[in-house]
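**Student:** I'll drop the sequence and a predicted model, then ask my questions.
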Protein chains: 2
Amino acid sequence: MTAVESNLSIGQVAERTGLSVHALRFYEREGILANPVGRDSAGRRVYGEDDVDWLTVCTVLRAAGMPMPEIRRYTELVRQGEGNVSERLALLRTQQQRVTEQMDQLTKCLDLVAYKIGVYEDILADDDADD
Amino acid sequence: MTAVESNLSIGQVAERTGLSVHALRFYEREGILANPVGRDSAGRRVYGEDDVDWLTVCTVLRAAGMPMPEIRRYTELVRQGEGNVSERLALLRTQQQRVTEQMDQLTKCLDLVAYKIGVYEDILADDDADD
DNA sequence: ATATGAGCTAGAGCCGACTCTAGGTCAAGT
DNA sequence: ACTTGACCTAGAGTCGGCTCTAGCTCATAT
C-alpha cells in the first residue's frame, strides 16, 4: 500500500512547495492534483506527502513554461491510470521541445549579453587607465 | 557617417523583426527605440536599418524575459550616449543572472521530462513485446 | 469570553505584454 | 469615381496565472 498519509494542512504544503495557499486552492480548482484533496471534519484541506510530490513536479513543469491546460491534461491522464501512456508521452515530448526552444533563446541572449558586458567592461577599464 | 537610412515602412520592419505592426507601435509608445522614429509627409513611420538592429536586440532580450521597463531604461541610456556605462552594465548583469536562473530551471525540467519519457518508452516497449 | 490565527468559498482584481477596434488619411490601380 | 491596402491615433480588450477581498467557521491561548 502506498498510502503515505502525513496529513498536511494547506499552510504546510505552501511552505514545502513554495506555492502560496491561494495558488494551492487555485490549482485544486483547476484540477491540478493527482488525487482529490481530502477534507477534515471542519472542511479543511488535508494533503498527503504524495500531493506534495505531485505539486513539486507541477512547479518544475510550470517554471519551464508548460501551460496549465497541459498540466491539467497530464494530471487527468495520471489519475486515470494505465492505458494512456502514449498521450502522456506526447505531452512530455511537447514540453521537451518547448524547453529546448527556450534554451536556444536563452543561449542566444546569454551570448549577446556576455558580449556587451565584455565591451562595457573594457570601456570602464580604459576609463580607469585614463585616471 | 553612420546614417544608414534605408527608409523602411512599419510593415517591412514587422516582416524583418517578426514583431507585429501593433507591437512596433506599442514599442514606440513605450520608448523602446534608440532614436525616435521619423515620419514621412503623410505621418507614416519611417524606420532605418539601425532601428531594425536595435529591435532585433530587444526581441532577443524580451524572449529571454527581460521586462519592458528594463529594456526601456537600457534604451534611454543608449540614447543618452557616453557616461552611463556602469548603469548599462548593471542592467546587463541583472539580465545575465535572470537568464542563468531560467537555464537552471529549464535544465531541471528537461531532466525530469527526459526521465519520465524514458520510463514511458520502456512501458510502451514492454507492451509491444507482449503482443 | 474573547481574541488570534488558520482555514473556508465565491468571486473580483491585477499585471504584463501585447492585440484589436473604430474611425480616419492617403496613394495607387481599374 | 472609387475601391483597395497600408498606414495613422486613441483607447479598449484579452489572456494567463495568479492574488486578493469579503464574510464566514473553527480551535486554541489568555
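**Tutor:** Noted; the coordinates are in hand.
**Student:** low-confidence ranges in chain A?
**Tutor:** Residue ranges of chain A with pLDDT under 70: A:1-5, A:130-131.
**Student:** Give the full set of residues in contact with the residue sitting nearest the centre point of chain A.
**Tutor:** Nearest residue to the geometric centre of chain A (CA atoms, centre = their mean): residue A:59, 2.0 Å. Counting by CB atoms under 8 Å, 6 or more residues apart in numbering or on different chains, residue A:59 touches A:17-19. Yep, even glycine has a C-beta here, placed from its N, CA and C like the rest.
**Student:** you'd agree it is in a strand?
**Tutor:** No. Assigned with DSSP: H, G, I helix; E, B strand; the rest coil, residue A:59 falls outside any strand and is helix.
**Student:** hang on, the earlier thing: out of the contacts of residue A:59, which are buried?
**Tutor:** Buried members of those, counted by 16 or more other CB atoms under 10 Å in any protein chain shown: A:17, A:19.
**Student:** The closest residue to DNA strand C within chain A and DNA strand D: what is the separation?
**Tutor:** When scored by CB to the nearest atom of the strand, chain A has residue A:11 as its residue closest to DNA strand C, at 2.6 Å. As judged by CB to the nearest atom of the strand, to the nearest Å, residue A:11 and DNA strand D stand 13 Å apart.
**Student:** Those residues of chain A touching chain B, which are they?
**Tutor:** Contacts of chain A with chain B, taken as CB under 8 Å from any CB of the partner chain, map to A:57, A:60-61, A:63-64, A:66, A:85-86, A:88-89, A:92-93, A:95-96, A:99-100, A:102-103, A:105-106, A:108-110, A:112-114, A:116-117, A:120-121, A:123-124, A:127.
**Student:** Whichever of those end up buried, select them in PyMOL.
**Tutor:** Of those, the buried ones go into a single PyMOL selection, burial set by 16+ other CB under 10 Å:
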select buried, chain A and resi 57+60+61+63+64+66+85+88+89+92+95+96+99+102+103+105+106+109+110+112+113+116+117+120
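**Student:** Residue A:43: what secondary structure?
**Tutor:** Following three-state DSSP, the label given to residue A:43 is coil.
**Student:** Let me know how buried it is, in neighbour terms.
**Tutor:** 6 (other CB atoms under 10 Å in any protein chain shown).
**Student:** hang on, isn't residue A:60 packed against residue B:110?
**Tutor:** No. In this structure, residue A:60 is not within contact of residue B:110 by CB atoms under 8 Å, at 9.9 Å.
**Student:** Can you show me the strands along chain A?
**Tutor:** For chain A, strands defined by DSSP state E occupy the ranges A:38-39, A:45-46.
**Student:** Pipe these into CSV and attach mean neighbour count per row.
**Tutor:** Shown next, in CSV, are the strands of chain A (neighbours: other CB atoms under 10 Å in any protein chain shown):
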stretch, mean neighbour count
strand A:38-39, 12
strand A:45-46, 18
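**Student:** tell me what the longest helix along chain A is packed against?
**Tutor:** Criterion DSSP state H: the longest helix present in chain A is helix A:85-130. When contacts are defined as 3 or more CB pairs under 8 Å, 6 or more residues apart in numbering or on different chains; DSSP states H and E, helix A:85-130 packs onto helix A:68-80, helix B:49-63, helix B:85-130.
**Student:** And the shortest one, what does it pack against?
**Tutor:** It refers to helix A:68-80. helix A:49-63, helix A:85-130.
**Student:** which bits of chain A sit near DNA strand D?
**Tutor:** Within chain A, the positions adjacent to DNA strand D are A:20, A:22-23, A:25-26, A:41-42, A:62, A:67-69 by CB under 7 Å from any atom of the strand.
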